[in-house]
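Peer 1: quick one, structure for this:
(3 chains)
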Amino acid sequence: MKDPTTFFSGSSPTEADEPQLTRCRSSRRAFIKGVIASGAVAASSAYFLSGCTPGEGPAAGSVERLISLHINGKIRRVDVLPNETLAMTLRYKLGLTGTKLACDRGECGACTVVIDGVTHYSCSTLTHTVGARSVRTIEGLQGPDGELHPIQQAFIDELGPQCGFCTPGQIMSTVALLEKNPRPTREEARRALSGNLCRCGAYDHYLNSVMRAAEVI
Amino acid sequence: MAYTLLGKNFTPPDIRGKVTGKAKFAEDFRAEGMVYCKLLLSPMPHARVSNIDVSDALAMDGVVGVLTADDVPAMEGAAQAILTNNPHYVGDPILAVAAIDETTAADALEKIRYDIEPLDFVLDPLQSLYPGGTNAQVKGNVANAGIPLQELKWTARDFASADTDQFPMTGKAVSEWSYGNLEQEFSAAAVVYDESFVTASNSHHSMEPRSAMSYWENGKCFLFGSSQSQSFMIPGLAAYIGIEPEDLVYIAEYCGGGFGSKGAPYPIMALPAHMSKKIGRPVMMRISRAEEYYLGSNRAGFQGRVKVGVARNGKVTAVDLYIVQSGGPHGGFPDFNSAAGAVSICYQPNAMQYRGIPVLTNTPPGGAQRGPGQNQIAMVMEPLLDKAARELGIDRLEIRRINAPNNDTIFGGRQRSVTSAYQTEALNKGALAFNWEQTKKRSGERNGSKVIGVGIGQAYHSAGAAGFDGLLRIAPDGRLHIHSGVGNLGTYSYAATSRIVAEVLHCKWENCVIERGDTRKHLPWNFGQFGSNTSFTMSRSNHAAAMDARQKLLEIAAAEFGGSADEYELGEETVFSKADAAKKLTYSQAAQRAIDMGGKYAGHEIPDDLHPMTRASATAIAGTGLIGVAKDNYALDGSPPALAAGFMVIELDTETGKFEILEYNGVIDCGTVIHPLGLASQVKGGAVMGIGLASTERIVYDPQNGLPANVGFHQAKPPSYLDVPSRLGSDAVDIADPQNPMGIRGMGEPVMGCAASALICAISDALGGHYFNRTPIVPDMIINAIAGREQSHKPLQVYTF
Amino acid sequence: MAKDMMTRFELYRPADIAGALDLVDKLGSDGWLIAGGQDSLDWFKDRAKRPTAVVDLSRIESMRGMRETEDGLEIGALVTVTEIEESTLIQNFYGVLADAASRVASPQIRNVGTIGGNVCQDTRCWYYRSGLDCYRAGGSTCYADTPEAMNREHCLFGADRCVAVSPSDLAPALVVLDASMVIQSKDGERIVSAEAFFIGPDVDIERMTVIGPGEILTTIRIPNTWSGATFYFEKVADRNTWDFALVNVAAAMRVENDVIQDIRIACGGVECVPRRMTVAEDIAKGSAKDEETAKLAGGSAARGAVPLNYNHFKITLLENLVMRAIRDS
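Peer 2: Residues are numbered from 1 along each chain as shown, chains lettered A, B, ... in the order given. So this is what the prediction gives:
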């Protein structure tokens, strides 16, 4: 077929691994002994990550898979794999898709949640390590009748977001900041939010939002 | 003129979803029975794959299917395919596996066996142009939009005619134009500069990776994707999927950043559609960050040379520009050509010659990135303007005023005119806010190891197009539905330009509904949301539809109360008689009358010049209210420009090569301001991206194996909160453009380039005018320059630290 | 190439050190210890490390908290970087460590990342992180030290088949504070000085520290030797958040009557271990704390450096940072 991207240029207003390998293999570290069991269970397809080997429980002393999480003031029972991150649990098992995955490597903050008052990259938090601590996500901020949290309202009033993908993370960092330090200086706010990347570069408007929120809380 | 809505801030309807987490991006959708696919990516920069054996993978519990290049359309020429057995860069997708969960899919990828034969690869365009140099594609090394795949080599003599560290100027170009008497102007110039330069390729780093989900239902393909544009995506996406446009249901209500990389249809988005069709289940393709660095396209890098002549009075008189672009294996975007146009309009040389070649490289695909070409060249040219100003004893603001484009400007190879241009006003406004006369005196001020640098930067992008359609509906409940097919890249311009309809029809904003983000909302044919065009283009289309609705309202009133349409007027969501205000119809009543009257009023009869997509949408909503629909047939004489000026002060630490930006002010010439907060957000956000472009972002490959060094944010380095000032200044000229009914022009791209070039100039200023010939300027380069050490990279080296 | 999704493993969460030691002893080289997990999970997701069992130490209360002792301060290995940064005790008496902590990665990483994890994190060599089979990954080549290799972030000193550098910001601070690292195993406890804790490729090319299978870093002890001293920390990185030092410097000194009585300086980003600037220290010791001493000491810092293709800028940067440590502290 012809290149469909020429629809673009045709109407643009602008003037204007190891190359020796011939059979693919993965490199292995010395500590890996043998092939890792690759069995998968035909679990409910709603589950993003399927189980370990069918019919087998966890190894002695390993974590129990069915756990209770304290999310946004509610206790949620959920089947969690040992290698599952909180971001995946929230997004794919609990339907809380407001927490975004942008890097999945703890570099950008789009997945920021507040655990016991402290911001965490949920993509870099194993769900099992959360335990009985209280997790708050962007979905937990609105009031019972859907009224916006003052921080959310401030982010609207200052036109904080541009594309909006990093916004839930920015807001969760703001939540943790203002609970700890209700009257931050702009510089303190800047440092507190510095683990949240925004490619649109909306930092100035986000800080305006944080400072406005601090005034009304 | 005074407007009720335009020029005022408002709450865009999509923002609530962004702050509550309810906004649904592509990866937030779920479907019953959904499975997950993962990609097998090429480990080699150029190779041939054969004997793919998927049997072990398919035998795994939970694996439901494999999609290979044989299952998707083959592409002609240099075009990029969805999957390929002939990968052209490390990370090129070879096949995909679908499984009931992502871990199983990832495990299955490791069970796939295939033979892969390495082919010669090339990263450096100049090496590819060298006689006998490697071609990035087997069939050639040059291609771009409108330039078919071909092999082009310069002669050994061409290379020998320049020093090793100089860009050769005699090689054959594929794109060229010139005007004026170049030789004469150069010989008359007071100063002539001749500089070879490199601008590095950088990633888009959209926060939302290009994940997509798809399923099929009743013969229609449902696709949930991430794109800046909406209607504009449909023809190309349908082609990638292999269906008719009307059989595609495309949902893209939110886009987590694109910056050009998601403006037009892109191949990988069609993958889940093909996989879903093959296995009969909904498929989610979650794209990882590393994959986004492979698939998310890059700004083209430049190797080039520019010769600039400047007269004693500061006028730029002659420019000779040659650009070789590295744009990935498929050609990428014509940044090289856009750069030349930008030089011509920004400096208005009496004579100019431009030559360019888009060379293919075995690196991830190139693509348009905010100010593609214009913003790279701004960083090359603006410090040269400073150099001339210093040498000729002219103020650096003044030399920019002397050369600034205005309403009489003619530019580019086609010597086009502009709709209007007020760069002098932008410079003046910025200089006032920045207190240029005082601030410039700080240049070179020392405080211990720190030194102050002051810089002005400028940039340009075209700012609009014409000929697209507008569609609206006044429903019997009196609400105004504005159908917008433009897309939502995150600037709120879809909403700001919809307010034009409300303005013309005297509607309260609260009574307006914007129909968008989903083909089932019956959307008109609109241009893509890129190229700084939306504000200009959409305001014209929406105005045309609004004027159509206005006329219909007046005619309906005339039919109701007698007399002619011109005896009626609109106000407060009513149409009333100018003579007797008691003779009035509410919009609710008028909409009902339109349904009763049928014909054109209810959309049963529509203009012949509409795009088929608009025709289908208008027809689908016909009979449900008063339909306003029209093509933008307003005259367009010349090119609408967006021009920007940025002013910056930095404090550079000569011992660490680091700097702090103390102040930044950006001013945009974009006609009438329609959304002040949105405009400020663009000027400032553009500055942040510009700071990254100028000082941190670049893509590096290992020349031995083509491996990328930047597949994570911390390696690719988009600026963080602490790398940019906590406050940035923004303003606009706010003079109406005569060729837009509301005086509006676009603005999104030059606001990045003016900040990037202001920073380059400020760094140069802090270092006493040192010209680096390369962007970005990283701490290493500053440290080496101050220490008087040679830079680690060779002057024309690309994809390097 | 880009690989994604962690391979399957069992997760163990022992409640005390004894339980953890039992596990690491039993699991041997199949096991992987995580504290904050901020480095480990990336390795797992990239499928470049594939442990079959992961031992999460975060439940072990005895490895948390800080306490003052007669001769200094004990910091549990699970104390987070944020806790270090915000501790008034550390700010007041061991400021170089608080300053270093404030420059680690980002707030979220500091909130979760631990002092133990920070000093045990693996090197950031981009070739190694790509999953290539280099020496450090058990292979038989180094991709970062070839005629064309892109090695801007690599070492100036101590290259031995591998040219990777120490990425930690806390490590140089702990070295100058003369901290000791308490390492436990089933066989008991051993205490190693911070300086000896970090090892180069000449000692073991696959490890960055002396910690071997079956061992856990449980406590970091800071003697009061340098309590309340004059300190300096500076990190130069491309970005001011979430980036690794091109070069960082930590210094502690005792100054009386403007004369430097004693001094320790260590730098990261220039060698596989935090590098003690012993020559610079010798120059500074007994000298006036002034520009001249700073310049002399700084000028000595890069003596013996062997730059690679793209990192000779680090020579100047290292010299300048050592100079600043004396001049600007």
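Peer 1: quick check: phi and psi on residue 105?
Peer 2: Assuming you mean chain A. In terms of degrees, to the nearest 10, the main-chain angles of residue A:105 are phi -140, psi 20.
Peer 1: now what about stretch B:396-405, what contacts it?
Peer 2: With contact meaning Cβ atoms under 8 Å, 6 or more residues apart in numbering or on different chains, stretch B:396-405 is reached by B:313-316, B:345-348, B:385-386, B:388-390, B:392, B:394, B:411, B:418, B:421, B:423-424, B:427-428, B:431, B:436, B:440, B:456, B:458, B:460, B:641, B:643, B:645, B:761. C-betas here are computed from N, CA, C, even on glycine.
Peer 1: let's go with 7 Å and repeat that
Peer 2: Residues from elsewhere that reach stretch B:396-405, judged by Cβ atoms under 7 Å, 6 or more residues apart in numbering or on different chains: B:313-316, B:345-348, B:385-386, B:388-389, B:418, B:421, B:423-424, B:427, B:431, B:436, B:456, B:458, B:643.
Peer 1: go on, stretch C:232-244?
Peer 2: Under the contact criterion Cβ under 7 Å, 6+ apart, stretch C:232-244 has outside partners A:107, A:194-195, B:656, B:658, B:696, B:714, B:717, B:720-723, B:778-779, C:96, C:99-100, C:103, C:105-106, C:124, C:167, C:169, C:173, C:245-251, C:317, C:321, C:324-325, C:328-329.
Peer 1: and residue B:164, what pLDDT?
Peer 2: If you check residue B:164, the pLDDT there is 88.
Peer 1: show the contacting residues for the closest residue to chain A within chain C.
Peer 2: When scored by Cβ to the nearest Cβ, chain C has residue C:106 as its residue closest to chain A, at 3.1 Å. Shown in contact with residue C:106 (Cβ under 7 Å, 6+ apart): A:194-195, C:241-242.
Peer 1: leaving out sequence neighbours, find the closest residue to it.
Peer 2: Closest residue to residue C:106 apart from its sequence neighbours, by Cβ to Cβ, 6 or more residues apart in numbering or on different chains: residue A:195 at 3.1 Å.
Peer 1: name the element the one you found belongs to?
Peer 2: Counting by DSSP states H and E, there is no helix or strand that carries residue A:195.
Peer 1: that one: neighbour count?
Peer 2: Counted with other Cβ atoms under 10 Å in any protein chain shown, residues neighbouring residue A:195 total 26.
Peer 1: for it, phi and psi?
Peer 2: According to degrees, to the nearest 10, residue A:195 has phi -90, psi 10.
Peer 1: just to check, it is in contact with residue C:104?
Peer 2: No - at 10.9 Å, residue A:195 does not count as touching residue C:104 under the criterion of Cβ atoms under 7 Å.
Peer 1: any idea how far residue C:299 is from residue B:491?
Peer 2: Distance from residue B:491 to residue C:299, counting by Cβ to Cβ, to the nearest Å: 52 Å.
Peer 1: follow-up on the earlier one: for the residue of chain C closest to chain A, report the pLDDT, please.
Peer 2: pLDDT recorded at residue C:106 is 98.
Peer 1: one step back: need the contacts of residue C:106 in JSON lines (columns: pLDDT).
Peer 2: Compiled in JSON lines, the contacts of residue C:106 are given as follows (pLDDT from 0 to 100):
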{"residue": "A:194", "pLDDT": "98"}
{"residue": "A:195", "pLDDT": "98"}
{"residue": "C:241", "pLDDT": "97"}
{"residue": "C:242", "pLDDT": "97"}
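Peer 1: which parts of the stretch 651-800 of chain B sit against chain C?
Peer 2: Counting by Cβ under 7 Å from any Cβ of the partner chain, the residues of the stretch 651-800 of chain B close to chain C are B:655-656, B:658, B:696, B:700, B:702-704, B:707, B:709, B:711, B:714-715, B:717, B:720-723, B:778-780, B:783-784, B:787, B:789, B:792, B:800.
Peer 1: ok, residue C:214 to residue C:183 distance?
Peer 2: Distance of residue C:214 to residue C:183, given as Cβ to Cβ: 10 Å.
Peer 1: cool, residue B:117 as well?
Peer 2: According to Cβ to Cβ, residue B:117 stands 49 Å off from residue C:183.
Peer 1: the strands in the stretch 201-329 of chain C, which residues?
Peer 2: Using DSSP state E, counting those that start in this stretch, the strands of the stretch 201-329 of chain C run over C:216-223, C:230-236, C:247-256, C:259-268, C:275-276.
Peer 1: quick one: is stretch B:48-68 near chain C?
Peer 2: No - interface with chain C: stretch B:48-68 contributes nothing (Cβ under 7 Å from any Cβ), its closest point being 12.4 Å away.
Peer 1: for chain A, what's its nearest residue on chain B.
Peer 2: Nearest to chain A in chain B, going by Cβ to the nearest Cβ, is residue B:21, at a distance of 1.9 Å.
Peer 1: could you measure that residue against residue B:102, distance?
Peer 2: According to Cβ to Cβ, residue B:21 stands 22 Å off from residue B:102.
Peer 1: next one: residue A:71
Peer 2: Applying Cβ to Cβ to residue A:71 and residue B:102 gives a distance of 22 Å.
Peer 1: residue ranges with poor pLDDT in the chain?
Peer 2: Reading this off chain A. Scanning chain A for pLDDT under 70 picks out the ranges A:4-58.
Peer 1: I was after chain B.
Peer 2: Across chain B, residues meeting the criterion (pLDDT under 70) sit at B:1.
Peer 1: let's see it at 90
Peer 2: Along chain B, segments meeting pLDDT under 90 span B:1-2, B:164.
Peer 1: which other residues reach stretch B:375-382?
Peer 2: In contact with stretch B:375-382 (Cβ under 7 Å, 6+ apart) are residues B:197, B:199, B:302, B:306, B:335, B:339, B:342-343, B:347, B:457-459, B:693-694, B:749, B:752-754, B:756-757, B:760-761, B:775.
Peer 1: sort out for me which of those residues are in strands.
Peer 2: Counted as lying in strands by DSSP state E, out of these, are B:197, B:199, B:302, B:306, B:457-459, B:775.
Peer 1: for these, which one is nearest residue B:15?
Peer 2: Checking the ones in strands among the contacts of stretch B:375-382 against residue B:15 with Cβ to Cβ, the nearest one is residue B:459 at 28.0 Å.
Peer 1: quick one: the helices in chain C?
Peer 2: C:17-27, C:40-45, C:81-86, C:88-93, C:95-102, C:107-112, C:115-120, C:126-129, C:170-176, C:194-197, C:278-284, C:291-300, C:313-327 (DSSP state H).
Peer 1: between the ones you listed, which gets nearest to residue B:211?
Peer 2: Of all the helices of chain C, helix C:40-45 comes closest under Cβ to Cβ, at 16.2 Å.
Peer 1: spell out the secondary structure type for the closest residue to residue B:115 other than its chain neighbours.
Peer 2: Excluding the flanking residues, the one nearest residue B:115 by Cβ to Cβ, 6+ apart is residue B:51, at 4.5 Å. Using DSSP: H, G, I helix; E, B strand; the rest coil, the structure places residue B:51 in strand.
Peer 1: hmm, residue B:51 is touching residue B:114, no?
Peer 2: Yes - using Cβ under 7 Å, residue B:51 is in contact with residue B:114, at 6.1 Å.
Peer 1: what about these two, which has more around it?
Peer 2: Legend: neighbour count by other Cβ under 10 Å for residue B:51 and residue B:114, higher for residue B:114 (18 against 9).
Peer 1: list the contacts of the closest residue to that one other than its chain neighbours.
Peer 2: Using Cβ to Cβ, 6+ apart and skipping residues adjacent in sequence, the residue nearest residue B:114 is residue B:52, 4.4 Å away. Going by Cβ under 7 Å, 6+ apart, residue B:52 touches B:68, B:95, B:112, B:114.
Peer 1: could I get those residues in CSV, plus columns for secondary structure?
Peer 2: What follows is those, written out as CSV (three-state DSSP):
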residue, secondary structure
B:68, strand
B:95, strand
B:112, coil
B:114, strand
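Peer 1: of those residues, closest to residue B:733?
Peer 2: The closest of the contacts of residue B:52 to residue B:733 turns out to be residue B:95 (Cβ to Cβ; 52.3 Å).
Peer 1: that closest one - how many residues pack around it?
Peer 2: By other Cβ under 10 Å, the residues close to residue B:95 number 27.
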